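[1] what would the 3D arrangement of this be:
(one chain, ligands or ions: 1)
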Amino acid sequence: MAKLEEYRSIVGGEIIDELYLLAQKLKGISIQNINSTSFGGGVAEILGRIVPLLQELGVDVWWDVIKGDENFFAITKRIHNSLHGANIILSRREKDYFLSVNRQNGARLSRWGDIVFIHDPQPVALIEEKARLKNKWIWRCHIDFSAPQPDTWLFLRRFIIRYDSSVFSAPAFARRLKIPQILISPSIDPLSEKNCPLEDSYIDSVLCRYGIDKKRPLITQVSRFDYLKDPLGVIKAYRLVKKYTDCQLVLAGGAAGDDPEGEKILAAVQEEARQDRDIFVLNLPPDSHREINALQRASTLILQKSLREGFGLTVTEALWKKKPVIASCVGGIPLQIAHKYSGILTYTIEGTAYWIKQLLHEPAYAQRLGRNGYAHIKNNFLITRHIQDYLLLFLSLSNTNDTVYL
Ligand code: UDP
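    Presented below is the predicted three-dimensional model:
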């Protein structure tokens, strides 16, 4: 794990000094993160990097994961899909079960922070503990909240309004709420295994392992196998291109501990790709960070054809590697890509196919998009900015009377 000092050469020394200053002001205040999985997906990715760096800054911070059975995670996945617009109405029994598992977790957790930082809807009902603990609570929403199913929203809202503050990833997700809503974009860690520079020989070895031809164009989407990431739409777009332009497609993904639908979607993708030797469906173990890094770096183009998206860290990761990215104009993606400047934003399968063809035929333009994207990520979406935002948020909720001067 990289040490904070190593970030000075990337983001500048002043930013690191500021982090130490802010962290000092948090002395004596403990921060507890709670989410629903330790691996798979963006939330686990971010917490796995931010928590150790906050600890290095001297903050008393830790990360707990709630426990649940198959039934609980089937319900939370239904909540997730309905918040993303699917017409799913939870039954009374499902809501009761959701609540009872949250209560069991509330009873099981032995240590509570002065500030409890809850990530996403799965543990949202732990807020019931607040009345007893009399501490501060933040609800951090990482998902696309632009058009939630109204009944699910109302169900969650009654918990959310008891929090002291809420955090969203993009302005489009703001809701009508009486509690403060804060915009904090996620980030990537430039020194993590997922994003650090790699030797060419290692990148070649990864391509060789999967039988991918390094001489022919390679289009890649990295995502959990989830219908909201539209892997079947990606295959359709690839097929439209393939009629005219030679290319290969990688769909790299894996499971997440709190996503029970992955296997079904993976099977559908494998079935669709079966006849085509130029489509590589890679079901990777959760610790494949270096491999994903290599696949991203080996790619000619990166796609993120999501139907809904919280922020889209895979876009951030690709732009950091100066890759041209074609991504759907949803969720936090437009915060990362200015169309035709730092990437391409699309709405349809046909639009995606059109731009794949264009960029494959105009490599100099494609490279310029990647370079502009890199500069934007460097200025806005690195982990040090994210840590600074979180420290300021914690300070604003802590009971110290000190004013924070930067
Ligand atoms: N990821 C991974 N393995 C996979 C699929 C995804 O490590 O098989 C990582 C990916 O590199 C990114 C994160 O999981 O860091 C996905 O975050 P994103 O915001 O793109 O989507 P989410 O899965 O949170 O909806």
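[2] closest residue of the stretch 201-350 of the chain to the ligand?
    In the stretch 201-350 of the chain, the residue that lies nearest the ligand is Gly254 (3.1 Å; Cβ to the nearest ligand atom). Quick note: C-beta positions are derived from backbone N, CA and C, even for glycine.
[3] one more: the stretch 1-150 of the chain?
    Residue of the stretch 1-150 of the chain nearest the ligand, by Cβ to the nearest ligand atom: Gly42 (2.8 Å).
[4] on the pLDDT front, check that residue for me.
    Confidence at Gly42, expressed as pLDDT, is 88.
[5] swap in Ala255?
    Looking at Ala255, its pLDDT reads 75.
[6] that one looks like it's in a helix, true?
    No - the assignment for Ala255, made by DSSP: H, G, I helix; E, B strand; the rest coil, is coil rather than a helix.
[7] nearest spatial neighbour of it, skipping sequence neighbours?
    Of all residues not flanking Ala255 in the chain, Gly262 sits nearest, at 4.7 Å (Cβ to Cβ, 6 or more residues apart in numbering).
[8] thinking the one you found is in contact with Ser223, fair?
    No - applying Cβ atoms under 8 Å as the test, Gly262 and Ser223 come out as separate, 10.5 Å apart.
[9] who touches both of the two?
    Gly253 (Cβ atoms under 8 Å, 6 or more residues apart in numbering).
[10] neighbour count: these two, which is higher?
    Ser223 (23 against 18; other Cβ atoms under 10 Å).
[11] that older thread, look up phi and psi at the residue of the stretch 201-350 of the chain closest to the ligand.
    Torsion angles at Gly254 (phi, psi; degrees, to the nearest 10) stand at phi -170, psi -170.
[12] what about it, distance to Ile292?
    9 Å (Cβ to Cβ, to the nearest Å).
[13] show me where the stretch 301-406 of the chain has its strands.
    According to DSSP state E, counting those that start in this stretch, the stretch 301-406 of the chain carries its strands in the segments 301-304, 325-328, 344-346.
[14] okay, these in CSV with distance to Glu5 and mean neighbour count next?
    Below are the strands of the stretch 301-406 of the chain laid out as CSV (distance: least, Cβ to Cβ, whole Å; neighbours: other Cβ atoms under 10 Å):
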stretch, distance to Glu5, mean neighbour count
strand 301-304, 31, 28
strand 325-328, 31, 28
strand 344-346, 37, 21
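[15] near the ligand, which residues of the stretch 151-300 of the chain are found?
    Lys194, Val222, Ser223, Arg224, Gly253, Gly254, Leu284, Ile292 (Cβ under 6 Å from any ligand atom).
[16] could you identify the buried members of these?
    Lys194, Val222, Ser223, Arg224, Gly253, Gly254, Ile292 (16 or more other Cβ atoms under 10 Å).
[17] which residue does the stretch 51-200 of the chain bring closest to the ligand?
    Closest point on the stretch 51-200 of the chain to the ligand, by Cβ to the nearest ligand atom, is Lys194, at 5.7 Å.
[18] how about Gln122, what does it touch?
    Per Cβ under 8 Å, 6+ apart, neighbours of Gln122: Asn35, Ser36, Ile66, Gly68, Thr76, Ile79, Asp258.
[19] helix, strand, or coil at the last one?
    Translated: Asp258. coil.
[20] in this structure, which residue is closest to the centre?
    In the chain, the centroid-proximal residue (Cα atoms, centre = their mean) is Gly42; its distance is 2.8 Å.
[21] name the nearest residue to it, ignoring sequence neighbours.
    Of all residues not flanking Gly42 in the chain, Leu313 sits nearest, at 4.6 Å (Cβ to Cβ, 6+ apart).
[22] tell me, how many residues neighbour the residue lying closest to the residue of the stretch 51-200 of the chain closest to the ligand once chain neighbours are set aside?
    Once flanking residues are discounted, Lys194 sits nearest to His289: 4.3 Å by Cβ to Cβ, 6+ apart. By other Cβ under 10 Å, the residues close to His289 number 17.
[23] His289 and Ser192 touch, don't they?
    Yes - His289 is within contact range of Ser192, at 6.7 Å (criterion: Cβ under 8 Å).
[24] can you give me the strands in the stretch 151-300 of the chain?
    Secondary structure of the stretch 151-300 of the chain, counting by DSSP E, counting those that start in this stretch: strands at 165-168, 181-183, 218-222, 248-253, 279-283.
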